[in-house]
Structures are given as C-alpha cells and as structure tokens.
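Visitor: Take this sequence and fold it.
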Amino acid sequence: MPISAHFRVLYLVLSVPVIMGAQDSSTGQTELIQALLARIDRLEKRVGELEARNGVVAQPEPTAVMAETPVTHDVPHDHDHDAVSGSPNLRIAGFTDFDFGSTDQPGSKSGFSEGQFILHLSSALSSKVSYFAELSATARTDAGMGSPPAPGFNFEVERSIIRFEQSDKFKISFGRYHTPINYWNTEYHHGSWLQTSIARPAMVEFGGSFIPVHFIGALVEGALPAGGLNLNYNAGIGNGRGAVISRSGDFGDVNNNRAWLTTVFIKPDKLYGLQVGGSVYRDEITQGLNSHREWITSGHIVWSRENPEVIAEVANVQHTGVAPLSGVSNSIAYYVQIGYRLPWLDRLWKPYYRFEYIHVPNSDTVFRFVVPSENTSIVGIRYDISRFAAIKLEYRNIGAPGVPRFNGAFAQTSFTF
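Guide: Below is the predicted model:
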C-alpha cells in the first residue's frame, strides 16, 4: 500500500473524533464528510510532493489492454530483499495452457490436452548476483501404465541459472540454459502465452533434435553501444548433446569434447524493433561406438514491433563422421512468421502466418531417423482477452516426403499468472 493510502486511513481514524466534537449538533453528515475529504486531499497533495522529492513514484494499476512489449519474469531486481532480515525474496510467476487439436491424418485422434504447467522463480542475491529457475510439468501419454504405474506428469528443471552482472557490457553465468543459438529459443521460453502462435517452429520444438534446445555450462554475455548499433554477444562452453541427442548432458558430457558457442546480434537505435544476428555452435556427438563432429551455423532477422511482426530464421547443421566413420552431411531448416496487430477493436486481434521447412538428407545418419523432413503452412489468429490471457486459433497444412499432405485445426487458451 503506498504511503498516501496508509496516511489517508490513519488520518481518517484520528480525525473523526476531533471533528465530531467541533461540529455543531445541527451540522449534517454530508458537511462532516466533505470537511474530512477536503482535509485529506490537502494532506495527500503534500505527501505526494514529498514522495516526488524523495524519488518515490506511484505504480499505476495494470490495464486490460495488452502491452506491445510482453510481460517478462526472468530478471530479479536488486530491491527484492527483505528489508528487515536482509534475506532474498523469492518471486514466482506461472504459465499454462489448454489445447484442442484435430487433423485428417489417417490414424490420428482429436481431443483436448493440457499444456505445460510452468513456474518461473527469481531472486536477487545481491545488487550484482541473481538466480533464475524455470520448472515444468508435462502430461505423459503413458500415465498409469507399467509396473509401477507411470506418473501422470514429467517434471523438468528447464532452466537454472546463477548470474553475476558486472555491468551491461559484461555478465557471466553458470547453469542450464535454452541454448542461445536461435532467436526463438531464447526469446520465447516455456509458456506459450509468450509467443504469438500456438506451437513453436519444428526446428526449435521442445523435445526435438534439430538444434540442441538446452545447454549446460557457463555463459559470458553483454551489450555494447557500438555507435548506436547496440552490439550484443554471447559466448559459452559446456556439455554437448547427450547420448539421446534431444537431451542435454545434465549428468555430465558423454565424451571429453566440450561444446562451445558464439552468438552476435545488433539492435540499432535508429530502427527500433529490428534485430539481426548469427550464431556458431560446435560439438562432438557420441552415440554408442560412433561419433560425429557437429557444426551449427544460424542467422536471424527480426522486426519485433507488432505492426508488423516479422521473424525469420535459418540454420544449417553439418555432421562429419569421426574415424572409422566418414562422410559429411548438411541438414537445413528455416521458417518465416509474419503477424500484424489490428488497429481496431482495442488492438486485441493479431492474425499471423508462418511457413516452415526442414530438409534432412538420407546421408545424415545422426538425424535420419529422429528429425523428419517436412514443410508446413500455418494460418492463425490470436485474441487477447486480457493483458495476461489469450485465445488462439490455427489452421495447419503439413507435408512430408512420400506421404500425402494433411490438414489440422487447433485451438488454445494460454495465460500467465
């Protein structure tokens, strides 16, 4: 409660007996209330002047209209400490969604499903040290099966990061990250409310294998003015993919070759909303007795303003066999998404379109049986029913080599709390 609100209540309680005794018995209740309010207004004005002089700014109530910049929960603030004990305060935010899907693909089933239940936990440990974690619970398709019966949900620690911030130019952290070699992978985390569309692009889908979605290790990052270009960088070293390439090396690396990555992007002042960048990732994958060197190069161009929103990314994954294996293969994926927040009806409606493409050659023995080649067109619309909740509708047309194209209709309600 702000200072003025506390003062208003206290003053009202203390002033009533005084004013009541000073009032003539014929004075009406209306005049009494008016006198009280006049005095309180004068004192509130004075308190407001004192707060402004001391740098205290009143926080406005949130509106029902969604802000152009989405709400984020990743960064703890320096003041998140208990003023009495000096211990850190834990801040919690959550996301979840509920979905419906139906396709005309032979053998498919339609129905409702529960999306991931997500918690973001953040705490400032000092003015320069902070901690962030992201936890998820995902419904299992085999719930109740087996002996003992499988649980209904899989629990995961998606991110767990402790960061030291020397300045905006230099930050170092350790933990489990969403690998910063792809724009979507670091801009839109778990919690589909954060993104325009229902689903992530296939090249960065959670549980997918095209790029390593998670990364365990150390990361150095920062931002430099660079003459108004705002040059941002990331450089990291850590464990590469696990024996199952869709998983990261949470328990330790599967070989003695650390993965490393570098990402650079600019966000020019003169073109606010524009981001252009690229990444390089290097690792060695070990599966059983076979090993492959992996080079991933990627690039992106993004216009993050919502009139329009444009996101385009491309990534090439090169695998080279390590002796006695030989041969080089290149798999490529890209997508382009365009959205536009309509200026009418309180800017609550946002139609969008996305095209996705993945090509994995038969020579890529690492990806051949785990990453399907496909091309997909998606048309959808998002309606923000409040600043913190949205309804999305999508139509998808999906094609893959050697099989007929099929269509799907999907709906989702997603929110943050």
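Visitor: close enough to count as contact, Ile245 and Glu284?
Guide: No - assessed by Cβ atoms under 8 Å, Ile245 is found out of contact with Glu284, at 11.8 Å. C-beta coordinates here come from the backbone N, C-alpha and C atoms, glycine included.
Visitor: which of those two has more neighbours?
Guide: Ile245 (23 against 19; other Cβ atoms under 10 Å).
Visitor: residue contacts, that one?
Guide: Contacts for Ile245 (Cβ atoms under 8 Å, 6 or more residues apart in numbering) come out as Ser209, Pro212, Ile285, Gln287, Val366, Val370.
Visitor: what number of residues lie near Ala243?
Guide: The number of residues packed near Ala243 is 12, by other Cβ under 10 Å.
Visitor: before we move on, what about Phe164?
Guide: Other residues near Phe164 come to 14 when the count uses other Cβ under 10 Å.
Visitor: How about residues contacting whichever strand or helix holds it?
Guide: Taking DSSP states H and E as the definition, Phe164 sits inside strand 153-167. Applying Cβ under 8 Å, 6+ apart, the set of residues contacting strand 153-167 from outside is 117-118, 125, 128-140, 143, 171-178, 189-190, 214, 222.
Visitor: Filter those residues down to the buried ones.
Guide: For the contacts of strand 153-167, a burial check counting by 16 or more other Cβ atoms under 10 Å picks out 117-118, 125, 129-138, 171, 173, 175-178, 189-190, 214, 222.
Visitor: can you pull out the helices in this protein?
Guide: With helices called from DSSP state H, the chain shows them at 3-22, 29-53, 183-187.
Visitor: Report the contact partners of the nearest residue to Tyr177 once chain neighbours are set aside.
Guide: Leaving aside its sequence neighbours, Tyr177 sits nearest to Phe215 (Cβ to Cβ, 6 or more residues apart in numbering; 4.9 Å). Phe215 makes contacts with Arg176, Tyr177, His178, Thr179, Pro180, Gly236, Gly238, Asn239, Ser248, Ala259, Leu261, as judged by Cβ under 8 Å, 6+ apart.
Visitor: Out of these, flag the one nearest to Gln337.
Guide: His178 (18.3 Å; Cβ to Cβ).
Visitor: I figured Ile311 hits Tyr183, correct?
Guide: Yes - the pair Ile311 and Tyr183 qualifies as a contact (Cβ under 8 Å) at a distance of 6.8 Å.
Visitor: okay, and the common contacts of the two?
Guide: Residues touching both Ile311 and Tyr183 (Cβ under 8 Å, 6+ apart): His300, Val302.
Visitor: Domain parsing of the chain, as residue ranges.
Guide: In the domain annotation for the chain, the residue ranges read 3-53, 98-109+195-416 (automatic domain parsing).
Visitor: Deepest-packed of the ones you listed, please.
Guide: domain 98-109+195-416 (a mean of 17; mean count of other Cβ atoms under 10 Å).
Visitor: Between the two ends of that domain, what distance do you get?
Guide: 12 Å (Cα to Cα, to the nearest Å).
Visitor: now that domain: mean pLDDT?
Guide: In this model, domain 98-109+195-416 has an average pLDDT of 96.
Visitor: From here on, call the first residue 257.
Guide: In the new count, where the first residue is 257, that last one comes out as domain 354-365+451-672.
Visitor: Now do the spatially closest residue to Leu487 that is not a sequence neighbour against Leu604, distance only.
Guide: Once flanking residues are discounted, Leu487 sits nearest to Leu480: 4.6 Å by Cβ to Cβ, 6+ apart. Distance, Leu480 to Leu604, using Cβ to Cβ, to the nearest Å: 38 Å.
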